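Engineer: below are the sequence and a predicted model for it; my questions follow.
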Amino acid sequence: QVQLGESGGGLVQAGGSLRLSCTVSGLTFSGYTMGWFRQAPGKERGFVAAISRISSSTDYANDVKGRFTISRENAKNTVYLQMNSLKPEDTAVYYCAARFGPVGRNGYQYWGQGTQVTVSS
């Protein structure tokens, strides 16, 4: 059974930082592209960032580029999202996801349950 578990969410003031983690079990982690997505209240879930199997390639949504950094540790079956210079508009539930294939913004087969990030102004 594939399981993805996010952690690290919480409440932070604008300008602050958070690091999200997602630990994966039940699949060969190093064989999957990993991504982060988010869903704000009343909005559709959208792409945030993705990283290839051996961290050779990354992709970011325009509104987080330069502020967020995705990374992974294959030995720990874990993907991270370092979020700096947070803005109130970053408030959302953040999900990690796994994709069998190259870096992309859709086609993710496995999803976590999400972790809430709230940025106060």
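Structural biologist: It's in.

Engineer: what's the neighbour count on residue 43?
Structural biologist: 9 (other CB atoms under 10 Å). (C-beta placed from N, C-alpha, C; glycine too.)

Engineer: neighbours around the closest residue to it other than its chain neighbours, how many?
Structural biologist: Nearest-residue entry for residue 43: residue 92, 7.9 Å, with adjacent residues in sequence omitted and distances by CB to CB, 6 or more residues apart in numbering. Applying other CB under 10 Å, we find 22 residues neighbouring residue 92.

Engineer: likewise residue 96?
Structural biologist: When neighbours are counted by other CB under 10 Å, residue 96 registers 29.

Engineer: partner strands of the helix or strand harbouring residue 96, with direction?
Structural biologist: For residue 96, the enclosing helix or strand under DSSP states H and E is strand 92-99. Strand 92-99 pairs in its sheet with strand 33-39 (antiparallel), strand 110-111 (antiparallel), strand 115-120 (antiparallel), by DSSP bridges.

Engineer: ranges for the strands of this protein?
Structural biologist: With DSSP state E, the ranges of strands along the chain come out as 3-7, 10-13, 18-25, 33-39, 46-51, 58-60, 68-73, 78-83, 92-99, 110-111, 115-120.
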